[in-house]
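1. Next input, structure requested:
(2 chains)
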Amino acid sequence: MRSFVTLIVVVLTCAGCAELPPTPDANDHEVVTTIELTLIQNQPPRDTIFVRWQDKDGPGGNAPDIVDTMWLDSGRTYYTTIRVLNASVTPTENMTETIASEEINHQFFYAFDPTTLGATRYLDKDGRDLPVGLSIDISALAPGNGMLTVELSHYPDFNDKDGVQKSTDTDISIQIPVIVRP
Amino acid sequence: LILSGTVRDSSTHSPLPGAVVRIQNTVYGTVADHHGHFHLHEAEGDSVDVDVHYVGYQRKRMRIAVKEDVVIDLVPMMIESGRIVVQEQGNMSGGGPTQRVESLSEQQINEIRGQTITSALQSVPGVTVMTSGPSVARAVVHGVYGQRIVVSNAGVAQEGQQWGSDHGTEIDALVPVRMAVVKGPSSLMYGPNAMGGAISIEPSPFPSLRSPETAGVSGRAIVNLFSNNLQGAVGGFVQSVRPLDAPVAVRAYAGVRRAGDARTPDYVLDNTAYEQWTVGTNMKFELDTSSNPIAFTVDASLFNADLGIFSGAHLGNATDMRRAIERGRPADDGEFSYTIDPPHSTVQHMLLSASAKLPFNDHNAILAHYGLQQNARSEFDTHSLSHEALSLKLVTYSGDVQFEHALSENSHGHLGVSGMFQVNDRTGSVDIIPDYELLGGGVFAFESVELDNVLLSAGARYDSRQLTTRTQQNMYASISGAAGARIQISPVVSTALNISTAWRPPQANELYSNDVHHGVAQYEIGDSTLGPERTIGGDVSFDLNDGSVDLSVTGYVNMFDSYITSLPDPDNPTVTIRGTFPTFRYTQFDAVISGIDVSFEYNFTDIASLYAKGSIVRGTDTEHDQPLFLMPADRLRIGGHIHAHDVWGMHHVFADISVLGVRTQDRFVEAMDYAPPPPGYVLTDLMLGAELDVFGTPCDVSMSVLNVFGVAYRDYLSRYRYFADDPGRDVVVRFTIPFGKQ
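-> Below is the predicted model:
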């Protein structure tokens, strides 16, 4: 019986001295939440189109809260830049620089579905003369609607990057609705 | 005339209850009782030929004078490599005395030591191993694994981050221990998490501290070399027994290993290199030198590992996973190296275990245990963008106090209380498991009674668990119970029957998981409304051992009420910025797991035997009437064993060849998995060994060639099976060099 009491005391003492860690879990998520595409028509009137995809609370929880539709005009070409942000923290963290500084380990891939909607062309190169995709030209082709898939492949070993093959270590993969007007 | 006496261990002089003593060429025999005592009334003449055997010990056939109080010393088996015989008592392992317990002595482990401590258990029928590469293995006992199996390390339930099936046992294989597996519910001793079974890993026992004969300094050096991943492992221990004539024994041990990338027959498994080291100590003190001294033990250990994660299994999203599976092999053949690159994980486990035994007399004693452990784990990702690192620190305090008693001459029992307190501290960006606090307590009692040829046992236990997170506090409490009988039908035939019920509260990850599991590219979502699960089950076993034939058969059924598992939710894939992931949700349904283990051995001469060991497991989700996910495939091992003394000046020479056949798991639900189960396979293993005299020191040398023919195969329970083959041929060379007083 004395041992039982001792044990209970030991258990209770421990319960008193060690408690839930003070740092809560919620705010230490360091994730990509937002992709922004800025498209500038390369002919007058040089309209600027701004398209955003955002899942503000990160993976899981709520579904993506902003998925803009990209409206393009058939036959036009758009100079496009991409920004990668973490909006779950204040102030919003710009992660585009991180990618730019590790450009030999990254490549964006853009694909229209159906492919008749448009085409893309890389405008930038990394130190090994391979495309990165932070800036591209988008050409709108046949009118219709569909999707633009934007993917960021990460190559832990830069030798695996050949400019064509996606990696199996995808950092970003989103789909943006596209409407190409006649 | 009466022949009576004691059967005991030749080195520790501890009694061997359950040892079988038979008079040769007659049907007369008996089984030693709890104190190793036996009585034979049927002896005729001045002397008789007896045949004494006990699991894990060398069988002894000898002529002895018929008298009282003879002492029969059995020598622990050095050579029974890869073959485990049934031990007929469970007090070391925490299993009930009527339960099926299979054990491995330190000497047996020396001979079959693999890369992980769990791999030594693979030869036990009904035990399979779930692997994540060469460095991580965990036991699957009768189709049950993970949080339903307790690993007891030096008397303390090992508390690691057990929610991940890619986490191993976190005890190095070089530690001087003996092991036992209880195949069936062991909740009475270990509480709710042992509902599926228990693996007991105990420090090798010290010799008696009472006798001056055992005093001295001794030790062992162990070198293991593995060809597959060019691994070297070096370890050993030094122990001092009765220094300065004090009733004290102290042992210090250490082990270190470094492994490069593992290789399949066709390519290198990139980034599966790992490093591991461990140090520890075992101590035992006795307060006086009476026959029932107050005894204390202290065991402390530190385990450290840095484990590479196979790069071909680390994926960004579900599309990556599909591409990797379609390719059928890693993107590149890999180059062998010892470098550990991201992704990798580091694990540190510290354990302090202390126990005391306060005896009142021969049969009654108070036993107390205290355990303090800290498991720290960090995972490092390749993703530069999100710096995804996960770090977990799990601190567990545990203790129990038991009153070990004998209500009468032929009964034996335990009455006890136990308590535990655990805190998990998570940092990082992965939300697989939250911060939590777990407080638990239990009360238990079990008794066994030995009648003429029958051993009866029964027990019950009440446990409560309180799980607190930031958002919720859950309280769970329930009862476990077990009863069993073992009947010695004749000296050579026995049968046992056990029934039990056990429960397990849901764990923090099952309740709150909400993130991507990268190794399998699936999004796991917990369910905070889950309740406890319960099993009701039983097993029947039959043993026959007449000296030349050794047969044991066990059948079991475990019916689960509200079995907790995660199932795919194909209608609600999780859309994230990294792409779309299949959603798996934790859920509960009724299920049944049943199976049969068979072990057969035929000794056709003194030196040669043939053996066969097989197991079949069937798991069914009875609510949806479909097979349970990840049940081990049917398997059978057939082999031959030769064991001879004094061949060309070598002692204990043995050779063993065996063939393992594993069937394709054809019971699976198509939509539930990314790829169908891999085809069955046949592997051949070869083992040779001997005790060699090296400058007067008897050194054990053994060599195993695993997967002799370099067959490319994938086991259904390998976590990497979607992407790559299992490692190919491995030549293992082991040296065990004793020194000091043996």
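
2. rest of the way, CA atoms for contacts and neighbours
-> Noted.

3. how close does residue B:338 get to residue B:117?
-> 21 Å (Cα to Cα, to the nearest Å).

4. With residue B:405 instead?
-> 34 Å.

5. same question, residue B:276
-> Taking Cα to Cα, one finds residue B:276 at 13 Å from residue B:117.

6. got any residues that touch both of these two?
-> The contact sets of residue B:276 and residue B:117 overlap at residue B:172 (Cα atoms under 8 Å, 6 or more residues apart in numbering or on different chains).

7. okay, those two: which has more neighbours?
-> A direct count of neighbours by other Cα atoms under 10 Å in any protein chain shown for residue B:276 and residue B:117 places residue B:117 higher, at 25 against 22.

8. show me what contacts that one?
-> Counting by Cα under 8 Å, 6+ apart, residue B:117 has contacts B:169, B:171, B:172, B:173, B:174.

9. my read: the second one touches residue B:303, true?
-> Yes - Residue B:171 is within contact range of residue B:303, at 6.5 Å (criterion: Cα atoms under 8 Å).

10. residues contacting residue B:64?
-> B:47, B:48, B:49, B:50 are the contacts of residue B:64 under Cα under 8 Å, 6+ apart.

11. Dihedrals phi and psi, it?
-> Dihedral pair for residue B:64: phi -130, psi 150, per degrees, to the nearest 10.

12. Which strand residues bridge it?
-> residue B:48 (DSSP bridges).

13. Relative to residue B:71, how far out is it?
-> Counting by Cα to Cα - residue B:64 and residue B:71 are separated by 10 Å.

14. any shared contact partners between the two?
-> Contacts common to residue B:64 and residue B:71, judged by Cα under 8 Å, 6+ apart, are absent.

15. so where's chain A uncertain?
-> A:1-30 (pLDDT under 70).

16. which residues in it form strands?
-> A:34-41, A:48-54, A:66-67, A:70-73, A:77-86, A:93-94, A:106-113, A:118-122, A:135-140, A:144-154, A:170-181 (DSSP state E).

17. Quick check, central residue of chain B?
-> residue B:199 (3.8 Å; Cα atoms, centre = their mean).

18. Kindly confirm my reading that residue B:122 forms part of a strand.
-> No - assignment of residue B:122 by DSSP: H, G, I helix; E, B strand; the rest coil gives helix, placing it outside any strand.

19. ok, now which ones touch it?
-> B:128, B:129.

20. Distance of it relative to residue B:667?
-> For residue B:122 relative to residue B:667 (Cα to Cα), the value is 22 Å.

21. How about residue B:488?
-> If you go by Cα to Cα, the gap between residue B:488 and residue B:667 works out to 38 Å.

22. Could you tell me which residues make contact with the closest residue to residue B:287 other than its chain neighbours?
-> In space, and not counting its chain neighbours, residue B:287 is closest to residue B:294: 5.4 Å by Cα to Cα, 6 or more residues apart in numbering or on different chains. Counting by Cα under 8 Å, 6+ apart, residue B:294 touches B:286, B:287, B:288, B:356, B:357, B:358, B:359.

23. try it again with 10 Å
-> Residues in contact with residue B:294 (Cα atoms under 10 Å, 6 or more residues apart in numbering or on different chains) are B:285, B:286, B:287, B:288, B:356, B:357, B:358, B:359, B:360, B:365, B:366.

24. Buried ones among these?
-> B:285, B:286, B:356, B:357, B:358, B:359, B:365, B:366 (16 or more other Cα atoms under 10 Å in any protein chain shown).

25. before we move on, back to that, I'd like the contacts of residue B:294 laid out as JSON lines, including secondary structure and pLDDT.
-> Below are the contacts of residue B:294 laid out as JSON lines (DSSP: H, G, I helix; E, B strand; the rest coil; pLDDT from 0 to 100):
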{"residue": "B:285", "secondary structure": "strand", "pLDDT": "92"}
{"residue": "B:286", "secondary structure": "strand", "pLDDT": "89"}
{"residue": "B:287", "secondary structure": "coil", "pLDDT": "86"}
{"residue": "B:288", "secondary structure": "coil", "pLDDT": "73"}
{"residue": "B:356", "secondary structure": "strand", "pLDDT": "93"}
{"residue": "B:357", "secondary structure": "strand", "pLDDT": "90"}
{"residue": "B:358", "secondary structure": "strand", "pLDDT": "91"}
{"residue": "B:359", "secondary structure": "strand", "pLDDT": "88"}
{"residue": "B:360", "secondary structure": "coil", "pLDDT": "86"}
{"residue": "B:365", "secondary structure": "strand", "pLDDT": "89"}
{"residue": "B:366", "secondary structure": "strand", "pLDDT": "93"}
